[in-house]
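Undergrad: can you look at this prediction? I've put the sequence above it.
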Amino acid sequence: MREILVSALMFVLAGVTNATAGQLAEFNARIEQVNQPYKSALFYLRTGNAGVASLELAQAAQNWKALAEHYGDTPPDPFGDDPAWTETAGAIAAAFEKGAGLATEGDSKAAQAALSPVRDHLHKLRRRNGVRVLADCIYDLNAQMEVLYHYRHNPPDLKKLPERNAAKTASAIYAHILEGCRAMASKELRKDENFNSIFGSATASAAKLFDPIDAQDQTGFVNLLRELKSFDVIIFLRWG
């Protein structure tokens, strides 16, 4: 009898786990429906095309509204117990509204600034609830690029050992995060030719950063940073 009860309990728990995983997968898919037009809008704003960006933002805002209405005050586990869920949902909606208004007015830079918190809110939502997806790894990757890209306009004095070491450390951290992001991608994505091409090129570019540092070639280091920055942006727009 005890074995029967244990087996029954395991069956029930397995069903609950599968249901929870399914709900989380649906939630993540809905987030991605918001994320894609949001990233497209940021790209168009970056290139100064505020008109097209406003159209993408309208879609992102509509998808977010649908998500928020679908879940109401009870998003799926593990977000269900998040006391900041309602506040986060409202903050994202407000950011879309403000960003869309500025884009409609043609103010690309201000619109970018207004929309930037959307990504932060989503990242923090997942982090405080113990969820990590590829977009979160790429969030960390892009943040480390900001550390590295500081050198773009403030080149290190590579003749000084402390500055060489600092540049090497920042480069090594970026390369490590990049490798981790590639590893956590789904099996399907890791089979994708475009994914492998972009990540392979970015990995090669990151590895080359150490050569000009050792050679104390400031110009070469900065030029490689510019190359790596381009891959970093593409990675965000495609999979961030």
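TA: Received it, and whenever you're ready, just let me know what you need.
Undergrad: how about the nearest residue to Phe195, chain neighbours excluded?
TA: Leu189 (5.3 Å; C-beta to C-beta, 6 or more residues apart in numbering). C-beta here means a position set from N, CA and C on the backbone, and glycine is covered the same way.
Undergrad: check contacts around that neighbour.
TA: Leu134, Phe195, Trp239 (C-beta atoms under 8 Å, 6 or more residues apart in numbering).
Undergrad: which one of the residues you listed is nearest Ala53?
TA: Proximity to Ala53 was ranked across these by C-beta to C-beta; first place goes to Trp239, at 20.3 Å.
Undergrad: quick one: residues contacting that closest one.
TA: Counted by C-beta under 8 Å, 6+ apart, Trp239 has contacts Leu134, Ala135, Ile138, Ala185, Leu189, Phe195.
Undergrad: which of those residues fall within helices?
TA: The members of the contacts of Trp239 that map onto helices under DSSP state H are Leu134, Ala135, Ile138, Leu189, Phe195.
Undergrad: out of those residues, which is most surrounded?
TA: Using other C-beta atoms under 10 Å as the neighbour criterion, Ile138 leads the ones in helices among the contacts of Trp239 with 22 neighbours.
Undergrad: surely that residue and Arg238 touch.
TA: No: applying C-beta atoms under 8 Å as the test, Ile138 and Arg238 come out as separate, 9.2 Å apart.
Undergrad: so where's this structure uncertain?
TA: 1-20 (pLDDT under 70).
Undergrad: rerun at 50
TA: 5-17, 19 (pLDDT under 50).
Undergrad: show me it divided up by domain.
TA: 2-128, 134-239 (automatic domain parsing).
Undergrad: residue boundaries of the helices in the protein?
TA: For the chain, the helices defined by DSSP H occupy 2-46, 50-71, 85-104, 108-128, 134-153, 161-184, 187-190, 193-208, 210-214, 218-239.
Undergrad: nearest to Asp77, of these?
TA: Between Asp77 and these, the shortest gap by C-beta to C-beta is with helix 2-46, which sits at 5.1 Å.
Undergrad: report the contact partners of the residue nearest to Gln112 when sequence neighbours are not counted.
TA: Spatial nearest neighbour of Gln112, chain neighbours left out: Leu45 (4.9 Å); criterion: C-beta to C-beta, 6+ apart. By C-beta under 8 Å, 6+ apart, the contact list for Leu45 reads Ala53, Ala103, Ser108, Lys109, Ala111, Gln112, Leu115.
Undergrad: only the buried subset of these, as a ChimeraX command please.
TA: Here is the ChimeraX command that selects the buried residues among these (16 or more other C-beta atoms under 10 Å):
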select :53,103,108,111,112,115
